[in-house]
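[1] Fold the following for me, if possible:
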Amino acid sequence: MEHAEARRDLAAALRWCARLGLNEGIANHFSVAVNPAGTRFLVNPVGRYWSRVKASDMVEVDAEHPEEAEGVDRTALDIHGALHRQLPRARCVMHLHSKYATVLSTFADPIIPPIDQNTMRFYNRVAVDGGFDGMGIGEEAERLPSTLANHGILIMGQHGILVAGRSVGQCFDDIYYFERAAETYVTALQTGQKLVTATHEVAEKTARQWEEYEGGGELHLAAIREVLDAEEPDYRD
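    The predicted structure follows:
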């Protein structure tokens, strides 16, 4: 099986998101580049529930000629194709409509203030796309790379969350902790209590410490794959 480990990483991340309830039916997609230029990528197929997805299900797509791909949702071809074609650094792209990140995307100001260690991870490190004009097809998708720019996290206003980075492990770790940070913030707002916000200096220091914590995402994904190897080994097939 070509690109076997990349396929298994994607399958593991998708299955784990299903366990966590971060998926939305059979919608949303994860992709990973498989050539140096980043223009060829693997993505989960249309109509396959995430808890059942296998490595061999992943479809290879040419971002320069996405119309040639079969069995892939149109929004995946457009959104992920645009990111992989325009941003070579985006080796992996994950897009979710997870509960708390999507709640954030409905706020007039969706930026999470630095109220705890997890929210500080993303301090001054999130881009916002406030120009929702449909479901991420055509021009809607083509503007996302420039909006993301040098950031790794993009809040897609009135839509959801997108993460881009160097590997499946890193992106999964980012998307996991962003959802946790969003959950903390939304839950805290619901209490009606006044929130304690860290200073710029403390928040920035904490964000840098997160960035300097090398290998955390790879360890996170490896731990997930160890569980799946024991409980759902068919994800590797």
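[2] Quick check: closest non-adjacent residue to Asp229.
    Leaving aside its chain neighbours, Asp229 sits nearest to Arg236 (7.4 Å; criterion: CB to CB, 6 or more residues apart in numbering). Placement of C-beta: from N, CA and C, glycine included.
[3] That neighbour: how many residues sit nearby?
    For Arg236, the neighbour count with other CB atoms under 10 Å is 18.
[4] now swap in Gln158 and tell me
    15.
[5] can you give me the strands for this structure?
    With DSSP state E as the criterion, the chain has strands at 29-33, 40-43, 59-62, 92-96, 126-129, 153-156, 160-165.
[6] helices or strands up against the first one?
    Secondary-structure packing of strand 29-33 (3 or more CB pairs under 8 Å, 6 or more residues apart in numbering; DSSP states H and E): helix 4-20, strand 40-43, helix 74-86, strand 92-96, helix 168-191.
[7] Direction included, what does that strand pair against?
    Strand 29-33 pairs in its sheet with strand 40-43 (antiparallel), strand 92-96 (antiparallel), by DSSP bridges.
[8] which of those is buried the deepest?
    Among the strands paired with strand 29-33, strand 92-96 has the highest mean neighbour count (mean count of other CB atoms under 10 Å), at a mean of 27.
[9] Just give the number of residues close to the closest residue to Ile111 other than its chain neighbours.
    In space, and not counting its chain neighbours, Ile111 is closest to Val126: 6.3 Å by CB to CB, 6+ apart. Using other CB under 10 Å, Val126 has 19 neighbouring residues.
[10] and the gap between the residue positioned nearest the centre of the chain and Trp16?
    When CA atoms, centre = their mean is applied to the chain, the residue found nearest the centroid is Met94 (3.0 Å). For Met94, the distance to Trp16 equals 12 Å [CB to CB, to the nearest Å].
[11] do the same with Arg8
    According to CB to CB, Arg8 and Trp16 sit 12 Å apart.
[12] Tell me who's in contact with Asp237.
    By CB atoms under 8 Å, 6 or more residues apart in numbering, the contact set of Asp237 is 54-56.
[13] if I look at the residue nearest to the centre of the chain, how far off is Tyr49?
    The gap separating Met94 from Tyr49 is 17 Å, by CB to CB.
[14] now do Tyr176
    Distance, Tyr176 to Tyr49, using CB to CB: 20 Å.
[15] Among these two, which residue is more densely surrounded?
    Shown here are Tyr176 and Tyr49; by other CB under 10 Å, Tyr176 has more neighbours (22 against 12).
[16] per-residue confidence for the residue lying closest to the more buried one once chain neighbours are set aside?
    Excluding its sequence neighbours, the residue lying closest to Tyr176 (CB to CB, 6+ apart) is His220, at 7.2 Å. At His220, the predicted lDDT confidence score is 97.
[17] What of Ala141?
    85.
[18] Overlap of the contact sets of Met94 and Trp16?
    Phe172.
[19] low-confidence ranges in this protein?
    135-136 (pLDDT under 70).
[20] Many thanks, have a good one.
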